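Peer 1: no sequence on this one, just coordinates:
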C-alpha cells in the first residue's frame, strides 16, 4: 500500500466502508476506498484537497496528509504550476 510514516500508523476503521472498500484513519484524516482499495478519497477538514476527487491506494494519500499537517502545504509535485513553468 505504498510507504506510510511509521510514527503515524494507517488504521483500518472498517473492512467495508461506505465506498465498498476499507475505511482508514491517518493522522486525523479519513480515507475512504472503493472495493479493492485501489481508488480512494481524502476527507480532512481544512485540507485543500478535502473531498477533491479520487486518488490511488491509501499510500498515495498519506504524503498529502503529512505535508499538510507538517508544513501547511501540499508536496511540490501536487502544487499547481505557474504559467511558463
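Peer 2: Nice, thanks for sending it over. Nothing here was measured: the structure is a model prediction, and the numbers come from that model. Residues are numbered from 1 along each chain as shown.

Peer 1: Mind picking out the helix or strand in this protein with the poorest mean pLDDT?
Peer 2: Taking mean pLDDT, DSSP states H and E as the measure, the chain has helix 58-71 as its least confident helix or strand, at a mean of 94.

Peer 1: What pLDDT does the model give the residue lying closest to residue 15 once chain neighbours are set aside?
Peer 2: Counting by Cβ to Cβ, 6 or more residues apart in numbering, residue 15 lies nearest to residue 22, which is 5.8 Å off, once chain neighbours are set aside. To be clear about C-beta, it is placed using only N, CA and C from the backbone, and glycine gets the same treatment. As predicted, residue 22 sits at a pLDDT of 98.

Peer 1: Number of residues surrounding residue 32?
Peer 2: 22 (other Cβ atoms under 10 Å).

Peer 1: swap that for residue 19, please
Peer 2: 17.

Peer 1: What's the separation between it and residue 30?
Peer 2: Between residue 19 and residue 30 the distance is 11 Å, computed by Cβ to Cβ, to the nearest Å.
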